[in-house]
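Asker: this is the structure alone, sequence omitted:
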Ligand SMILES: Cc1cc2nc3c(=O)[nH]c(=O)nc-3n(C[C@H](O)[C@H](O)[C@H](O)COP(=O)(O)OP(=O)(O)OC[C@H]3O[C@@H](n4cnc5c(N)ncnc54)[C@H](O)[C@@H]3O)c2cc1C
């Protein structure tokens, strides 16, 4: 069991305090959109650990799923999401997601986000894996950047919203299971501060950085999931980690994503011998759910003893590819791969976390005043395997729900909260190579808690992480490196424990020692809670 409730000792009398109505942690799509949806009479602060524009959201390429076509409906979107989720979706929250998709896309368009349009002026719709209809709206192959740039430019004009960059949230402050604010570290002047509010929204994204190869940026270290856990929040299904089938494979770059939309436009997967293999694995071929495609590639790599396979879209013209995938085309070309002529070397890497802070359809956690949305949260919409392009949508739908709910929440709570609890421990500085430990954890996780897992590997990994956990337990945490290291250690332990517990294979969680899905025993969520 963890020893310390807070990452640092806290003496509220000695710390500067700042009061707001709402604190939003994270400046990805979920956090920023929630802020925009809160009525303007409320005073909001957004805390983000780097700059406003650094997030997973800004890197999203393919698009956002929404059923707009005449031949489509929220019911088809629901069916596809449930199918990909492999029996673990919460149908109630998925219904919210698909039914509220189009109103939020309309809202984005009204805010001025410019998606690609077809010749008739309607939003252009493409297909991605496991979608039965064309329902992915996009802005070239930089959808996330286009959406985030617009939302960021809007949020900066709101007088009721204060933005604090380079502000790392260590922990949420709680008394009697009521959230009262957060303690944060200002990287610029190396100071700690208490931010106090009646509502705290955690939109800190996922924990891709636990893995050596990931499409996620450096900020995705699962801080929010960890501070929620230390505060007593329930976490759900942490073992369910999605590996994207097609990251660019190059000795100098193994993290750049080749969007699923490339397969949506017809690209074929071929092994190193040039043989197409997906028809052997799934009836949907290259557009099977992500977990299926990733495992198929993993198997082909194993059979051929090569660390990649190929993606072939050479049947499309250079002009078409440059227009449809300008960013991907340019990036590949920078590494000497011309998509119009060459096969693209690809391999699966960590991409998305289905697990996170357990929430309901209004983003509520089990801690009063503490909410979560986006990738940090887990309300069951993705089940055991996220359907492509459902996560930007998740940020919009559930961010918006929290935003709109704020007046009701604040009407029912006292105006200002204070935090007087003093937290003192005896910890001591420790001279260790923190970067080296983080790197080793990433490698251990990739090897043992990756696409294919088994009990021996998971136990081996847990033993290793336990050693680090004991080592850093009594360490004084002074800077971001320390805070993140503590979170790496805590979260990798929780992911490994959950992966050991789920003795079956389901969606993205594949156990080579329990290859079957066991609905009788395991069609249920795994909850982790401190204490
Ligand atoms: C390369 C790539 C392509 C993708 N393509 C698509 C796509 O086409 N469609 C789709 O639906 N999804 C896609 N995804 C997934 C999707 O982008 C993410 O799941 C989604 O953007 C998550 O949004 P979020 O707001 O929850 O978190 P994020 O966008 O990750 O934002 C989290 C924010 O929290 C901040 N933060 C974290 N910890 C702290 C802390 N301790 N203190 C303060 N701030 C903190 C971060 O700095 C960041 O600003 C893609 C992901 C990647 C990486």
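Answerer: Good, I have the coordinates. Predicted model only: the values in this text are computed from it and were never measured. Residues are numbered from 1 along each chain as shown.
Asker: against residue 214, how distant is the residue in the stretch 101-250 of the chain positioned nearest to the ligand?
Answerer: For the stretch 101-250 of the chain, the residue closest to the ligand is residue 205, as judged by C-beta to the nearest ligand atom, at 2.5 Å. Just so you know, the C-beta spots here come from the backbone N, C-alpha and C atoms, and that holds for glycine as well. Using C-beta to C-beta, to the nearest Å, residue 205 is found at 12 Å from residue 214.
Asker: anything in contact with each of the two?
Answerer: residue 220 (C-beta atoms under 8 Å, 6 or more residues apart in numbering).
Asker: neighbour count: those two, which is higher?
Answerer: When residue 205 and residue 214 are compared for neighbours, residue 205 comes out ahead with 32 against 25, by other C-beta atoms under 10 Å.
Asker: that one: which element?
Answerer: Secondary structure assignment for residue 205, by DSSP states H and E: no helix or strand.
Asker: that one contacts residue 375, doesn't it?
Answerer: Yes. At 4.7 Å, residue 205 counts as touching residue 375 under the criterion of C-beta atoms under 8 Å.
Asker: now the common contact residues for these two.
Answerer: With C-beta under 8 Å, 6+ apart, residue 205 and residue 375 have common neighbours 28, 30, 56.
Asker: out of those, who's nearest residue 327?
Answerer: Distances from residue 327 to the shared contacts of residue 205 and residue 375, taken as C-beta to C-beta, are shortest for residue 56 (15.7 Å).
Asker: spit out the contact partners of the residue lying closest to the closest one once chain neighbours are set aside.
Answerer: Of all residues not flanking residue 56 in the chain, residue 205 sits nearest, at 5.2 Å (C-beta to C-beta, 6 or more residues apart in numbering). Counting by C-beta under 8 Å, 6+ apart, residue 205 makes contact with 26, 28, 30, 55-57, 216, 219-220, 224, 374-376.
Asker: which SS class is the residue lying closest to residue 417 once chain neighbours are set aside?
Answerer: Distance criterion C-beta to C-beta, 6+ apart; nearest residue to residue 417, sequence neighbours excluded, is residue 180 at 4.5 Å. Under the three-state scheme (DSSP: H, G, I helix; E, B strand; the rest coil), residue 180 adopts strand.
Asker: ok, now which ones touch residue 180?
Answerer: By C-beta under 8 Å, 6+ apart, the contact set of residue 180 is 173, 174, 196, 197, 369, 417, 418, 419.
Asker: what do you get if the cut-off is 10 Å, keeping everything else the same?
Answerer: 172-174, 194-198, 200, 368-370, 416-421 (C-beta atoms under 10 Å, 6 or more residues apart in numbering).
Asker: over to residue 79?
Answerer: So residue 79 contacts 73, 94, 98, 132 (C-beta under 10 Å, 6+ apart).
Asker: give me that answer again for 8 Å
Answerer: residue 132.
Asker: SS state for it?
Answerer: Here residue 79 is recorded as helix under three-state DSSP.
Asker: measure it to residue 67 for me?
Answerer: For residue 79, the distance to residue 67 equals 11 Å [C-beta to C-beta].
Asker: quick one: common contacting residues for these two?
Answerer: By C-beta under 8 Å, 6+ apart, no residue touches both residue 79 and residue 67.
Asker: next one: phi and psi at the closest residue in space to residue 424 that isn't next to it in sequence?
Answerer: Nearest non-adjacent residue to residue 424, counting by C-beta to C-beta, 6+ apart: residue 9, 5.2 Å away. Per-residue torsions, residue 9: phi -70, psi 150 (degrees, to the nearest 10).
Asker: fine, thanks again, bye for now.
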